[in-house]
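*Asks:* Task: produce atomic coordinates for the following.
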Amino acid sequence: MRTRTLFLPFFLVLCLIAVPVMAATLTVTTSAPSYAPGETIIVTGTAVANTDVTVQLFNPNGQLVDIVYVMSKPDGTYTVSFNTPSNMPVGQWIIGTYTVKAFMGTQTATATVSIQQRVAVTGKVVDSAGAGVAGATVTVGTAWTTTGSDGSFTVSLPAEGTYTLKVSKANFYTYTASVTASFGTNNVGTIKLVSLEDKIAALEQEVAGLSDQVAALTSKVNALNSSLAAANTEIASLKTQVTQLAALTTTVQQLQTTANSLKSSVDSLQATVAQLPAFYALAFIGIIIAVIAVILVYRKIAK
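*Replies:* Now for the predicted structure:
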């Protein structure tokens, strides 16, 4: 009776340990139903705790393209990942539906996942200091996403084409650009957002610069005003001189008229002077004739 009594608790303990082990079922799943070339396929599942699990990835032709060995955690979960090439097809990596197979002892579990040639736009949003801007809204066409903690983003598009890219966040100016996206990953690089504070600071600097320019212009205007005042003084002096010159011109004209009149008088006097010798001769002859006449008269009277 004592032996049976001891065996029964031991059997119950063994059952309690074995049942969870036997009941643990291997599972496998992927983080998304489809991926684009260049993305990482995340595989998770459950297994017996602290047990080796083999996970294989087969292409659409059934060819093994990658294999990962992992040990499940104490809680029975496991996680593995497969990195896909950015450009496909390459080697055994082709577009299509892939099969994920997990092995644990004699148990197997499968899942399917597709790799599709999609159009994706990636980039990073930073501020004026170069730090990543988290939580910014990135819109490409009608598709959108938000930036991560480091400012990076990925937007999946339905087709190739040219789209309008917009990046916006509160207290920042909206960034807008045109982007042409083709199949695969299109990296637009680093996008710099200008904050309102940065813009205000820049405007303040511009205003300060403009103030300096205004002060310099004011000094120039004052100098020009001084030069203008001096010029006005010189102009007034010139006007006085012109007036005096005009009066002098009038006087000169009057003197010229007087000179012309005097010249006419001199010319007339010269003509008169030129006629004086003939006049004197006639007068002398007249006197002689008069004397002769007097003599004749006297003789006649004397007789």
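
*Asks:* The nearest residue to Ala36 once chain neighbours are set aside and Lys300: what is the separation?
*Replies:* Taking C-beta to C-beta, 6 or more residues apart in numbering as the measure, Ala36 lies nearest to Arg118, with 4.0 Å between them; neighbours along the chain are not counted. C-beta coordinates here come from the backbone N, C-alpha and C atoms, glycine included. Here Arg118 is placed at a distance of 169 Å from Lys300 (C-beta to C-beta, to the nearest Å).

*Asks:* What of Thr79?
*Replies:* 186 Å.

*Asks:* Domain ranges for the chain, per the record?
*Replies:* Here the chain is described, according to automatic domain parsing, as comprising the domains 22-115, 119-194.

*Asks:* Can you lay out these as TSV showing distance to Thr251 and mean neighbour count?
*Replies:* Converted to TSV, the domains of the chain look like this (distance: least, C-beta to C-beta, whole Å; neighbours: other C-beta atoms under 10 Å):
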stretch	distance to Thr251	mean neighbour count
domain 22-115	103	16
domain 119-194	78	16
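
*Asks:* from what I can see the residue nearest to Ala36 touches Glu160, true?
*Replies:* No - Arg118 is not in contact with Glu160 according to C-beta atoms under 8 Å; the separation is 10.2 Å.

*Asks:* joint contacts of the two?
*Replies:* Phe183 (C-beta atoms under 8 Å, 6 or more residues apart in numbering).

*Asks:* Quick one: the domains of the chain as TSV, columns for mean pLDDT and distance to Ser261 too.
*Replies:* Shown next, in TSV, are the domains of the chain (pLDDT from 0 to 100; distance: least, C-beta to C-beta, whole Å):
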stretch	mean pLDDT	distance to Ser261
domain 22-115	93	115
domain 119-194	93	91
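
*Asks:* what's the closest of those to Ala281?
*Replies:* Across the domains of the chain, the minimum distance to Ala281, taken as C-beta to C-beta, is reached by domain 119-194, at 121.2 Å.

*Asks:* just to revisit the earlier point, in terms of neighbours, single out the busier of Arg118 and Lys300.
*Replies:* Looking at Arg118 and Lys300 with other C-beta atoms under 10 Å, you find the greater number of neighbours at Arg118, namely 18 against 8.

*Asks:* Make sure Ala102 is indeed in a strand.
*Replies:* Yes - Ala102: assigned to a strand according to DSSP: H, G, I helix; E, B strand; the rest coil.

*Asks:* ok, then the element right after the helix or strand encompassing Thr97?
*Replies:* Under DSSP states H and E, the secondary-structure element containing Thr97 is strand 96-104. Proceeding C-terminally, strand 96-104 gives way to strand 107-115 as the next helix or strand, assigned by DSSP H and E.
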